[in-house]
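1. my questions concern the predicted model and sequence given below.
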There are 2 protein chains.
Amino acid sequence: MSLLVIGSVAFDAIETPFGKTDKIIGGAATYISLSSSYLTDDVNLVAVVGGDFPKQDIALLQQHGVDTEGLQIKENEKSFFWSGKYHNDMNSRDTLVTELNVLGDFDPIIPDNYQDCDYLMLGNLSPQVQLKVIERLEKRPKLVAMDTMNFWMDVAGDDLAKAIAKVDVLIINDEEARQLSSEYSLVKAARKIMAMGPKYLIIKKGEHGALLFYNDQVYFCPALPLEDVFDPTGAGDSFAGGFIGYLAATDNLHFENFKRAVIYGSAMASFCVEKFGTESLINLEDVKIEARVQQFIDLSQVEISLR
Amino acid sequence: MSLLVIGSVAFDAIETPFGKTDKIIGGAATYISLSSSYLTDDVNLVAVVGGDFPKQDIALLQQHGVDTEGLQIKENEKSFFWSGKYHNDMNSRDTLVTELNVLGDFDPIIPDNYQDCDYLMLGNLSPQVQLKVIERLEKRPKLVAMDTMNFWMDVAGDDLAKAIAKVDVLIINDEEARQLSSEYSLVKAARKIMAMGPKYLIIKKGEHGALLFYNDQVYFCPALPLEDVFDPTGAGDSFAGGFIGYLAATDNLHFENFKRAVIYGSAMASFCVEKFGTESLINLEDVKIEARVQQFIDLSQVEISLR
């Protein structure tokens, strides 16, 4: 099934305890597209870059089967740029630079070819842009999933609430869930957030795994215990790409399949953090992905019959 | 199979964001004994209290089938007393009072009746006392499990290393694993700690679940997402009690059974935190425990066949 991905395609400069990078390719939609491309064939991208964005990096996306007809190139402007530094525990980071550039007045134009998309992943962007994408699709996709961040809760709460009300799946982290709901307990937070609209809620807890909520059901997928985490940048977007990519590939919207999609999302995130930036998402192989998914199964599955 | 439990039986005074208690019954061995008593029949306690310890609380342990022949009562001394206050996130606490009292010179005397014990749980105590218990058993139990804490790493590192070298299972939390191994990555920490002696290592991560390591295998059991956590006191000991109690009851030392034991431990811990002190461990029923274990299974199990 066809997947439409909206989000930033950008430059990042990253510093972690293991090293630092110059400007490298980054952005939510980059990670989502690359990650999902390993699971499903028909990935279509709507995003915007400046004239400074390397043609070879656009070609890289295309080599992964990503349709870039919807990638606007504003030749006389600069690409979105983010720079951040991770603390020693890798669980928190300081933003050093945020230059919106082309993202400041991003108008998400959806090519006609993309209009029949079955699955939609709204990567982290201003909720106004996310809403525009939903409104501009002539046909409602089978499933609309959305990511956001606490910044939008602070500065665009009303629009964010409107966007959240229109999606099927919201994917956020534990800190964001707590801020959005004003509840510390994630069980209470999930109930409040699902009452805002989404039927499904995924709360990512980084190295502590991810929770999937649906009605009164909860599924928990652990994170893989890793020897080293080199760079968490893009892990959440890689998760989203693996999750929505698996759903688009299998086209099965039963809860049990959502659980599997969370495992694939977690597997893609586990690859992402093993190297800097998108490096580990560029030369992946299906057998490696399946072996990684098997590791998640071995990690959490148990044979048990109650006494 | 018979289970021998060693640890503190004591008074606690607890303050959490939900309320505070006067002196109530507490101590590692109290939680371990109560918790394990729901899973296995033959629970034997070695501990020490002062003359101030209420006879009704000893009777309470006996009503749960705990043999208290090994509970020394020093009529002219006072029981161990700990008082602590939890912070708002419940993940950290300040110790307000620690009065060792009878625990200061605790000599763990093992009644003859306990000598043939099959399973041994060394609750958190000074490693010297834990070592003495191992030395005083004429026959090596089938399985020796041990808890400890960072305090002993600071003040009794050499004896702690000797004790750790002699046990089959070490049960500690993530912070303690990091301190003991000087490794931040729990995978690396586990490898170093297992090289110190224990074949099995359990790293508890509180609300984030627990990891079981054995050779190159890892199993992860989530914590149950709860609406409210009232009081984390004794959660780790309740986990240990459920874990060792299940192993003693099933008498099966295959890795797959250790995984199940971790689920039962996690289930008992989830009950513990729902009320203050030992309250929720006093009137439990088997059907409630089995229903709770089923919740853990529903939370983490998934039907999946690789592509």
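-> Nice, I can see it.
2. now A:L253: which helix or strand?
-> For A:L253, there is no enclosing helix or strand under DSSP states H and E.
3. find the nearest non-adjacent residue to it, please.
-> A:L143 (6.5 Å; CB to CB, 6 or more residues apart in numbering or on different chains). C-beta: built from backbone N, CA, C; applies to glycine.
4. got it, and A:P225?
-> Leaving out its chain neighbours, A:P225 is closest to B:V187 (CB to CB, 6+ apart), at 4.9 Å.
5. how is that neighbour assigned, secondary-structure-wise?
-> At B:V187 the chain is in helix, as set by DSSP: H, G, I helix; E, B strand; the rest coil.
6. pretty sure it contacts A:L226?
-> Yes: taking CB atoms under 8 Å as the definition, B:V187 is a contact partner of A:L226 at 6.4 Å.
7. quick check on A:E75: phi, psi?
-> phi -60, psi -30 (degrees, to the nearest 10).
8. quick one: residues contacting it.
-> By CB atoms under 8 Å, 6 or more residues apart in numbering or on different chains, A:E75 lies in contact with A:G50, A:G51.
9. who does the residue nearest to A:L253 form a beta bridge with?
-> Beta-bridge partners recorded for A:L143 (DSSP bridges): A:Y119.
10. still on that earlier bit, pLDDT score for the residue nearest to A:P225?
-> According to the prediction, B:V187 has pLDDT 96.
11. distance check, it against A:G242.
-> 22 Å (CB to CB, to the nearest Å).
12. shaky segments in chain A?
-> Where chain A drops to pLDDT under 70, the residues are A:306-307.
13. quick revisit: who has more neighbours out of B:V187 and A:G242?
-> Comparing B:V187 with A:G242 by neighbour count (other CB atoms under 10 Å in any protein chain shown), the higher total belongs to A:G242, at 30 against 15.
14. what's the spacing between that one and chain B?
-> 13 Å (CB to the nearest CB, to the nearest Å).
15. could you find the closest non-adjacent residue to that residue?
-> Closest to A:G242 by CB to CB, 6+ apart is A:M268, at 3.2 Å.
16. check which helix or strand that neighbour maps to.
-> helix A:255-272.
17. so for that helix, what gets flagged as buried?
-> Within helix A:255-272, the residues scored as buried using 16 or more other CB atoms under 10 Å in any protein chain shown are A:257-272.
18. go on, stretch A:204-216?
-> A:K204, A:K205, A:G206, A:E207, A:H208, A:G209, A:A210, A:L211, A:L212, A:F213, A:Y214.
19. out of those, which are close to chain B?
-> A:K205, A:H208, A:G209, A:L211 (CB under 8 Å from any CB of the partner chain).
20. mind listing what the residue nearest to the first one when sequence neighbours are not counted touches?
-> For A:K205, ignoring the flanking residues on the chain, the nearest one in space by CB to CB, 6+ apart is A:D174 at 4.9 Å. With contacts defined as CB under 8 Å, 6+ apart, A:D174 is in contact with A:L186, A:I203, A:K204, A:K205, A:G206.
21. in a markdown table, list those residues along with secondary structure.
-> Formatted as a markdown table, these follow (three-state DSSP):
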| residue | secondary structure |
| --- | --- |
| A:L186 | helix |
| A:I203 | strand |
| A:K204 | strand |
| A:K205 | coil |
| A:G206 | helix |
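22. how about JSON lines for these, with distance to A:F230 added?
-> What follows is these, written out as JSON lines (distance: CB to CB, whole Å):
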{"residue": "A:L186", "distance to A:F230": "28"}
{"residue": "A:I203", "distance to A:F230": "24"}
{"residue": "A:K204", "distance to A:F230": "19"}
{"residue": "A:K205", "distance to A:F230": "19"}
{"residue": "A:G206", "distance to A:F230": "14"}
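23. closest one of these to A:G65?
-> A:K204 (25.8 Å; CB to CB).
24. so what sits opposite the closest one in the bridge?
-> A:N173, A:A210.
25. wait, isn't it in contact with A:I172?
-> Yes: contact criterion CB under 8 Å: A:K204 and A:I172 qualify, at 7.1 Å.
26. in stretch A:80-98, what counts as buried?
-> Per 16+ other CB under 10 Å, stretch A:80-98 contains these buried residues: A:F80, A:F81, A:W82, A:S83, A:G84, A:Y86, A:M90.
27. how close does the last one sit to chain B?
-> Using CB to the nearest CB, one gets 9 Å for the distance from A:M90 to chain B.
28. residues near the spatially closest residue to that residue that is not a sequence neighbour, how many?
-> Excluding its sequence neighbours, the residue lying closest to A:M90 (CB to CB, 6+ apart) is A:V229, at 5.2 Å. As a burial measure, A:V229 scores 23 neighbours (other CB under 10 Å).
29. same thing with A:K139?
-> 9.
30. just the element for it, please.
-> Counting by DSSP H and E, A:K139 is found in no helix or strand.
31. list the contacts for it?
-> A:Q115, A:D116.
32. please tell me how far the nearest residue to A:G277 once chain neighbours are set aside sits from A:S83.
-> With CB to CB, 6+ apart as the criterion, A:G277 has its nearest non-adjacent residue at 4.5 Å, and that residue is A:I24. Going from A:I24 to A:S83 by CB to CB gives 11 Å.
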